[in-house]
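Visitor: Test case, fold it:
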Amino acid sequence: MNLHFYSRYLSCHRIRMILILSLMVFTTTSHAESYVPSSDQNVVAKWTIPTAAQQPKTFIAQLIKDASKPGLASRYYGRASALLKPLLAKNPNDIELQFYSATVLQHYHQFTQAQQLLNQVLLQQPQHIAAWLMKANIHMVQGDLTAAKTACLRLLGQSSLLLSSACLLEVNAEQGKVEQSYQQLKNIVKVAGIIPNDQNVWIKQILADLAHRQKLPEQALNHLSDIPLLQAPVSYLALWSDIQLSQQQYQKVLEMLGPIVENSDSFDDALLLRLALAEHHAKAADAIWNNRLDQRIAIRLQRNDTAHAADIARYYLDIAPDANKALHWAEINWQQAKMTPDKYLLERAKAALRPPESLTKT
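Guide: Purely as a prediction, here's the structure:
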């Protein structure tokens, strides 16, 4: 079985992508100036830079949205959290502040608290599309597919057919109906007409992921071809990398993803891991990315950083093999996230502890 096939982008990054969509639904205007590259060549990725002169809510929304870009998550979510606490203390029933706070809480894997805030939002505004989307995705990450489907169904009649269908079909795929969900979503996209960019990024990731899970790499990469990598969020880049790694395109990952990560403010663990994997399998003369990953894992271990448990488990499976540590961190990850890749990661870790079959026979 291919090592990378089930290594889908991690659950936390998956939710981060849905938050871009949620914020697009929730906030219709943005007051920060953005820079969009005109081509993929010879351009250093740059992203929106929020300014304190903006209205607090707009500033927080922009911080959260831009946190999906490479190298910005830790700093921007931290700033958003610091701004939200005093504002929410003064205005505890403010729907926008509650929603943004739920967004920050889920980033730190505080799913129970996030759901509590989302429930408060929906009590005040039952037709809050973004809240239902986030609620569905948190339920799905936690393995409660019945609750996830219920949340998706609440979107029917309130949002576009594309949004509600994509939400439901993702849940159906997680229930094992991958091929059926893939074909249905492709058909819906064909008749959807012009799709707003943020929705398009989300939909294309779903389609690429479903194709990848069926071992259809060409189709998967084709779904990701519309969005230049320089403009893509972390979850998009991680999925693109996983597909390339599954096809042993190690040098391509190093050449395309490397400069994007190198030019970021900081290194995202998910992307650093994939670059280290590419470097490891390419047998590169220099171990630049592996050394950086070693240093990052050491920091995570010192902090007992359970939010990055999946990355640590994969590190001990694929980079610095240690079956006991891999299982320890895979189990921690399973406590937080129970989607298909999380299940497969746990199964791999358990299998790594078993002795080879030939040694068990007498």
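Visitor: so how far is the first residue of stretch 220-227 from its last?
Guide: Start-to-end span of stretch 220-227 (Cα to Cα, to the nearest Å) is 13 Å.
Visitor: Return the set of buried residues in it.
Guide: 220-221, 223-224, 227 (16 or more other Cβ atoms under 10 Å). Quick note: C-beta positions are derived from backbone N, CA and C, even for glycine.
Visitor: where are the low-confidence patches of the protein?
Guide: Residues of the chain that meet the criterion pLDDT under 70 lie in 1-54, 355-362.
Visitor: Can you mark which positions in stretch 199-217 are buried?
Guide: Using 16+ other Cβ under 10 Å as the test for burial, stretch 199-217 gives 199-213, 216-217.
Visitor: And stretch 247-264, by the same measure?
Guide: 249-250, 252-254, 256-261, 264.
Visitor: before we move on, what about stretch 287-304?
Guide: Applying 16+ other Cβ under 10 Å to stretch 287-304 flags 289-290, 292-293, 296-297, 300 as buried.
Visitor: and what of stretch 61-75?
Guide: Neighbour counts using 16+ other Cβ under 10 Å place 61-73 of stretch 61-75 among the buried residues.
Visitor: End to end on that stretch, go ahead and measure it.
Guide: Stretch 61-75: ends 14 Å apart by Cα to Cα.
Visitor: How far away from the center of its chain is that stretch?
Guide: Stretch 61-75 sits 12 Å away from the centroid of its parent chain (Cα atoms, centre = their mean, to the nearest Å).
Visitor: And stretch 304-317, by the same measure?
Guide: Using Cα atoms, centre = their mean, the offset of stretch 304-317 from its chain centre is 15 Å.
Visitor: what do you get for stretch 307-321?
Guide: With Cα atoms, centre = their mean, you get 17 Å for stretch 307-321.
Visitor: First-to-last residue distance for it?
Guide: So stretch 307-321: terminal residues 21 Å apart, Cα to Cα.
Visitor: now swap in stretch 295-311 and tell me
Guide: 13 Å.
Visitor: would TSV of the buried residues of stretch 61-75 with distance to residue 79 be doable?
Guide: Shown next, in TSV, are the buried residues of stretch 61-75 (distance: Cβ to Cβ, whole Å):
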residue	distance to residue 79
61	12
62	11
63	6
64	10
65	13
66	10
67	9
68	15
69	14
70	17
71	14
72	10
73	11
